[in-house]
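# Please work out how this folds:
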Amino acid sequence: MNQPAPPLVSVIIPAYNSAQYLPEAIESVLAQTYPHVEAVVVNDGSTDHSEEVLREYQARDPRVKVVCQPNAGLPSARNTGIQASSGQFLCYLDADDVIHPEKIQQQLGYLLAHPDVDLVYSDYSRADENLQFLNDEVIRIRQMPLREAYVYTNVFPVMSPLLRRSLADRVGGFDPALRAAEDWDYWVRCERAGTFGYLPGLFSVYRIHGTQMHKDYEFMLKYCRMAAAKNFPNDPRSYRRMIGSVLWWQFGLKIRQRGCSRFQALFSPDLLGSALKMVWEVKSLKDALFIRSIFRHGL
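A predicted model of the protein is given here:
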């Protein structure tokens, strides 16, 4: 009797001027303990030597598929990768991050054992530019349903989950108009369109380095506002809480960058102004205190 072929998993990797990180991302896909994978790398108009790196990998391993396009931004590159992929299951991996060898096998096993679940997410680690360990991020949501949690935070980074292509087809891709917060918007829409499951385990690594766009505060805030307006058009309170959460997260980033405490921030006019901006945006002291509590004690 002929056995059905094992399902193919497509890992979508958008790449823009990421030549220094690309080899580690691609190698992490090729090193998976589950062998039926393809790495679909979209060269989004890179001007560094990404093309040479990708040409070498494509010649060396047939599991690497390279697609080139003029620079159109991260959401568009991911969408191009989805269209060029062949897998029944999808994983999104940014070119500066990596996944652990057992990620696909573990998460695919979960989805095959739970046919009613469309997406499974897991925990992850944070590392510095050289992939030296910083800390583990264990995802625990205890105070509220997952749908409500998405009002306050982008629950997991883009490389954390594995999802069925059928869910991606229903959702319709990443929004090209969002040059940031596009993954937050995408997961909100996925959660509304399907069922999520959680598999404990540290299966991926989020790399922290100096060129990431989340450190451009006004840029991030602009697109978070767009994402909030898009997903909560008739719910002004949820819109305000989402933007308030972004402002409080940015406030925390600024404090860490300056190496000061929250008490010391009270004596810094711009930091204090940043905190007060969150309260003003939320327009509710109760909601502002709840946001503060979430960031101190978790969801």
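
# And the longest helix along the chain, how far out from the chain middle?
Longest helix in the chain by number of residues (criterion: DSSP state H): helix 236-258. On the basis of Cα atoms, centre = their mean, to the nearest Å, helix 236-258 sits 18 Å off its chain's mean C-alpha point.

# Against which helices or strands is that helix packed?
Applying 3 or more Cβ pairs under 8 Å, 6 or more residues apart in numbering; DSSP states H and E, one finds that helix 236-258 contacts helix 146-152, helix 217-231, helix 262-265, helix 269-282, helix 285-297. In short, each C-beta sits where N, CA and C put it, glycine included.

# Could you rerun that using 6 Å?
helix 146-152, helix 217-231, helix 269-282, helix 285-297 (3 or more Cβ pairs under 6 Å, 6 or more residues apart in numbering; DSSP states H and E).

# residues making contact with it?
Helix 236-258 has contacts (Cβ atoms under 6 Å, 6 or more residues apart in numbering) with 151-152, 217, 224, 228, 232, 265, 274-275, 277-278, 281-283, 287, 291, 295.

# send the alpha carbons of that helix over as PDB?
Only the C-alpha atoms of helix 236-258 are listed here, as PDB (Å, rounded to 0.1, in the frame of the first residue of the first chain):
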ATOM      1  CA  PRO A 236     -12.600  53.300  20.500                       C
ATOM      2  CA  ARG A 237     -11.700  51.900  23.900                       C
ATOM      3  CA  SER A 238      -9.800  49.000  22.400                       C
ATOM      4  CA  TYR A 239      -8.100  51.300  20.000                       C
ATOM      5  CA  ARG A 240      -6.900  53.600  22.900                       C
ATOM      6  CA  ARG A 241      -5.700  50.600  25.000                       C
ATOM      7  CA  MET A 242      -3.700  49.300  22.100                       C
ATOM      8  CA  ILE A 243      -2.000  52.600  21.500                       C
ATOM      9  CA  GLY A 244      -1.500  53.100  25.200                       C
ATOM     10  CA  SER A 245       0.200  49.800  25.400                       C
ATOM     11  CA  VAL A 246       2.500  50.700  22.600                       C
ATOM     12  CA  LEU A 247       3.400  54.000  24.300                       C
ATOM     13  CA  TRP A 248       4.100  52.200  27.600                       C
ATOM     14  CA  TRP A 249       6.200  49.600  25.900                       C
ATOM     15  CA  GLN A 250       8.200  52.400  24.300                       C
ATOM     16  CA  PHE A 251       8.500  54.200  27.600                       C
ATOM     17  CA  GLY A 252      10.100  51.000  29.000                       C
ATOM     18  CA  LEU A 253      12.500  50.800  26.100                       C
ATOM     19  CA  LYS A 254      13.700  54.300  26.600                       C
ATOM     20  CA  ILE A 255      14.300  53.600  30.300                       C
ATOM     21  CA  ARG A 256      16.400  50.600  29.500                       C
ATOM     22  CA  GLN A 257      18.400  52.400  26.900                       C
ATOM     23  CA  ARG A 258      19.200  55.200  29.400                       C
END
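
# Where does residue 141 sit: helix, strand or coil?
Here residue 141 is coil, with the state taken from DSSP: H, G, I helix; E, B strand; the rest coil.

# Would you check that it makes contact with residue 149?
Yes: with contact defined as Cβ atoms under 6 Å, residue 141 counts as touching residue 149 (5.1 Å).
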